[in-house]
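Peer 1: Attaching a predicted model along with its sequence, questions to come.
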Amino acid sequence: MLNILYAVLIIIAVVAAGAYLLTVGMRRQGARMYDKYSSYTRKVLADKVALKTYPVKPEYRVVHPWKALKLFKFTIDSHSADKFRRLNILDASMMLCMRMFTCFILPNYGYNLPMLSVDIIFIGKKRVFVIEVIDPAQIEDENIKTYYDKMREGTKKAEVLEYAAVDMEWCNHIVTDFSVHAKSDRSKDDVMFEIFKIFFNAYVDMAENAAPLDPEQSKKVQEGMEGYVNALMEKGGPAVNVFKFLLGPKQPEYIRSVMFGVD
């Protein structure tokens with residue numbers, strides 16, 4: 001009997017050790033990839049944009065609640081600039097083995113610019129890769145056309161990735177058709193990083209060259225972007241639902257004021 005118990009304990013210990021080593025390896029790989037995207041993003045911004053730190057309430061700078069057994073941690077770094085009402089870089093760790101890089105830009109409503117939303121999840125060898133260019137106002141001009149064409153070069157490179165379906169039909173008409181929703185594995189890391197660089201540089205250059213809008217068009221941009229966030233709050237989405245669980249009644253303030261910056 002004791003020999004059987006001893007054997008069982010050894011098996012449990014081996015399995016536990018294997019699981020621990022696996023999650024450690026996954027976390028290290030996720031950290032390495034997060035740093036790669038974060039450092040590149042910050043370098044481009046430092047070279048091209050005069051950023052100002054945006055003050056986030058202390059309680060929202062790091063969301064790491066016991067409610068989720070400390071398995072979810074979100075750290076946000078917020079900025080603003082002349083043409084960016086809000087620029088957020090979010091570092092998310094989830095369930096011990098998932099790491100996510102998020103970059104979100106809400107433009108100054110006085111310019112004809114879309115929102116840019118990037119979410120890249122690293123789960124061991126697996127990847128989820130999403131770049132959305134969200135354009136509710138859909139005001140055409142040469143600057144928009146020039147840099148949307150550059151972004152389409154990134155979309156073409158994404159053809160080697162597996163398409164990841166997104167169940168948010170209510171916003172299909174404002175999420176540009178060259179946005180990328182994909183999944184892959186680490187064998188395509190270089191491809192995904194190249195796609196990100198194309199989109200991000202095109203967006204920053206587009207913002208640099210954007211001309212001011214007249215008041216009527218500026219209002220159209222504002223109403224479109226605020227309307228998108230309002231609809232997202234009403235209809236739900238992955239991030240909105242996660243923060244509803246984590247933050248409860250504080251979720252609307254976090255989503256509207258911190259994550260999207262519309263309030």
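Peer 2: Looks like it arrived, so ask away.
Peer 1: use CA for all of it now, contacts and neighbours both
Peer 2: Will do.
Peer 1: what are the ranges of the helices in the stretch 101-250 of the chain?
Peer 2: 142-157, 189-209, 215-235, 238-247 (DSSP state H, counting those that start in this stretch).
Peer 1: Give me whichever of those is most buried.
Peer 2: Highest mean neighbour count among the helices of the stretch 101-250 of the chain (mean count of other Cα atoms under 10 Å): helix 189-209, with a mean of 19.
Peer 1: neighbouring contacts of that one?
Peer 2: 37, 41, 44-45, 48, 83, 113, 116, 129, 131, 143-144, 147-148, 150-151, 153-155, 157-158 (Cα atoms under 8 Å, 6 or more residues apart in numbering).
Peer 1: Measure how it sits relative to helix 142-157, angle-wise.
Peer 2: Interaxial angle, helix 189-209 versus helix 142-157 (axes from the mean of the first three to the mean of the last three Cα atoms, to 10 degrees): 180 degrees.
Peer 1: Enumerate every residue touching residue 113.
Peer 2: Residue 113 neighbours (Cα under 8 Å, 6+ apart): 107, 135, 144, 206-207, 210.
Peer 1: For the residues you listed, give me CSV that also has distance to residue 94.
Peer 2: CSV is the format used below for those (distance: Cα to Cα, whole Å):
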residue, distance to residue 94
107, 29
135, 30
144, 36
206, 33
207, 32
210, 37
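Peer 1: Residue 236: which of those residues is nearest?
Peer 2: Within these, proximity to residue 236 (Cα to Cα) peaks at residue 135, which comes in at 18.9 Å.
Peer 1: so that closest one touches residue 112, yeah?
Peer 2: No. The criterion here is Cα atoms under 8 Å, and residue 135 misses it with residue 112 at 9.3 Å.
Peer 1: more neighbours, those two?
Peer 2: residue 112 (27 against 20; other Cα atoms under 10 Å).
Peer 1: what pLDDT does the more buried one get?
Peer 2: pLDDT for residue 112: 98.
Peer 1: Kindly report the same for residue 28.
Peer 2: So residue 28 comes in at 86 (pLDDT).
Peer 1: so it sits in a helix?
Peer 2: Yes. Residue 28: assigned to a helix according to DSSP: H, G, I helix; E, B strand; the rest coil.
Peer 1: Show me where the chain has its strands.
Peer 2: Taking DSSP state E as the criterion, the chain carries its strands at 52-53, 62-63, 72-80, 84-94, 98-107, 115-123, 126-134, 162-163, 180-185.
Peer 1: Quickly run through the sheet partners of the longest one, with directions.
Peer 2: Just to be clear, that refers to strand 84-94. Strand 84-94 has the following strand partners under DSSP bridges: strand 72-80 (antiparallel), strand 98-107 (antiparallel).
Peer 1: Kindly state the beta-bridge partners for residue 162.
Peer 2: residue 183.
Peer 1: oh sorry, the question was meant for residue 79
Peer 2: Residue 79 has the following beta-bridge partners by DSSP bridges: residue 53, residue 87.
Peer 1: Quick check: it touching residue 54?
Peer 2: Yes. Look at residue 79 against residue 54 with Cα under 8 Å: they come within range, at 4.5 Å.
Peer 1: From what I see, residue 210 and residue 112 are in contact.
Peer 2: Yes. Applying Cα under 8 Å, one finds residue 210 in contact with residue 112, separated by 6.6 Å.
Peer 1: picking up where we left off before, can I get the contacts of residue 113 in CSV with pLDDT and distance to residue 227?
Peer 2: Output for the contacts of residue 113, formatted as CSV (pLDDT from 0 to 100; distance: Cα to Cα, whole Å):
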residue, pLDDT, distance to residue 227
107, 98, 15
135, 98, 11
144, 97, 21
206, 98, 23
207, 98, 22
210, 97, 22
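Peer 1: Identify the farthest-apart pair in those.
Peer 2: So, those by Cα to Cα: farthest apart are 135 and 210, at 14.5 Å.
Peer 1: buried ones in stretch 44-60?
Peer 2: When neighbours are counted by 16 or more other Cα atoms under 10 Å, the buried residues of stretch 44-60 are found to be 49, 51, 54, 56, 60.
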